[in-house]
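J.: just to be clear, the model below is a prediction. Sequence and coordinates:
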Amino acid sequence: MYRRIFLYPYLYRVKQQIISVKNLTKQYQTEQSSGVRNISFDIESGKIVAILGESGSGKSTLLKCIYGLLKTDEGEVHFKGKRVLGPDEQLIPGHKEMKMVTQDFSLNIYAKVYDNIASMLSNTDVQGKKEKTFQMMRHLNIEHLKDKKITQLSGGEQQRVAIAKALVSDTSLLLLDEPFSQVDALLKNQLRADIKRIAEETGVTVIMVSHDPADGLFLADQLLLIKDGQLLQQGEPSFVYNHPDHIYTARLLGNAVVLHAAEAEKIGLQAKGQTVVFYPEWAELKSSWNSKRFEVKDVYYKGFYEELLLERNGVTIRAIQLNRGEHKKNDHVQVNIDHFLRF
């Protein structure tokens, strides 16, 4: 009995709702699609949420509305149960418990790393300010850069400084707008891992927007898929990936193969609808009673695997080959597609 009583407060704390967006609409131009329309969702405290979509889909607009930088046309954003005020309702736009890191990082480029981060803390407790600043630099693995000026740092290092600056003042919600857009491919995975680790260590909730699905699949506990200002689907990454509600979702997350009904039937798939969709990894290179013979039209090297461009009856699809070099251009292979989606 006592054990169950003590567990309940912990469970409540973990599942506490921190953000609630209700019927949010923000339009820039009435004559064409822009902004966001009638979007609703909730976010639990301590979660990492990725808002994904193509450029111009409304991701950044949504993020700015959550922060309180934009005045909404309709609907509301609630933070810990209280409505987030718009820029017309307060002297300084934004919410004091939230911090936003934008693509330009908003750093003082002539100041040192330490001073950039420490500037977010008051001087009422100088020793505490110093300890907290160094603690945050250790979190981001930038303590060795403390005396360097921002102009002396790489893009990835500047990104870490910007995040440290945002988090040092007891931030509850960190908003990241395309956080890896200025970071080269070698640093992306490390930065993603850093953000995931920091969220676990500090308990901060993170909402990030990105046009790169890998950011959401790597980092997020929850995905929000946006297209033309509308929320198409939300849920855990693995569920959304394997059960997309829209062709757009499958294309965005996994570069899915999309075939019209007539094309699907030419390669032996029963459409029962207008469109058949499957990911390249769902096309298995194996011989079975229902496998079909395809010709390898091209082979694309992808590092530890290869992507095959396959053709049958004038229809092309893509498949994954883990054993590099096993099948080459102009070879014939047996392909089995047991699992596919119908739209």
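T.: Thanks, I have it. Model, not experiment: these values are computed from the prediction.
J.: from now on I want contacts and neighbour counts done on CA atoms only, so please keep to that.
T.: Noted.
J.: buried ones in stretch 182-198, by neighbour count?
T.: Within stretch 182-198, the residues scored as buried using 16 or more other C-alpha atoms under 10 Å are 183, 188-189, 191-192, 194-196, 198.
J.: please apply the same query to stretch 214-226.
T.: Within stretch 214-226, the residues scored as buried using 16+ other C-alpha under 10 Å are 214-217, 219-226.
J.: try stretch 54-71
T.: Within stretch 54-71, the residues that count as buried by 16+ other C-alpha under 10 Å are 54, 56-71.
J.: dump that stretch to PDB, restricted to CA.
T.: Taking C-alpha atoms only, stretch 54-71 is exported to PDB below (Å, rounded to 0.1, in the frame of the first residue of the first chain):
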ATOM      1  CA  GLU A  54       8.700  21.000 -45.700                       C
ATOM      2  CA  SER A  55      10.000  24.600 -45.900                       C
ATOM      3  CA  GLY A  56       7.000  27.000 -45.800                       C
ATOM      4  CA  SER A  57       4.700  24.500 -44.000                       C
ATOM      5  CA  GLY A  58       4.200  26.800 -41.000                       C
ATOM      6  CA  LYS A  59       6.700  25.100 -38.500                       C
ATOM      7  CA  SER A  60       8.500  28.300 -37.400                       C
ATOM      8  CA  THR A  61       5.200  30.200 -37.200                       C
ATOM      9  CA  LEU A  62       3.800  27.600 -34.800                       C
ATOM     10  CA  LEU A  63       7.000  27.800 -32.700                       C
ATOM     11  CA  LYS A  64       6.800  31.600 -32.400                       C
ATOM     12  CA  CYS A  65       3.100  31.400 -31.400                       C
ATOM     13  CA  ILE A  66       4.000  29.000 -28.600                       C
ATOM     14  CA  TYR A  67       6.700  31.300 -27.400                       C
ATOM     15  CA  GLY A  68       4.400  34.400 -27.600                       C
ATOM     16  CA  LEU A  69       6.300  36.200 -30.300                       C
ATOM     17  CA  LEU A  70       3.300  36.300 -32.700                       C
ATOM     18  CA  LYS A  71      -0.200  37.400 -32.100                       C
END
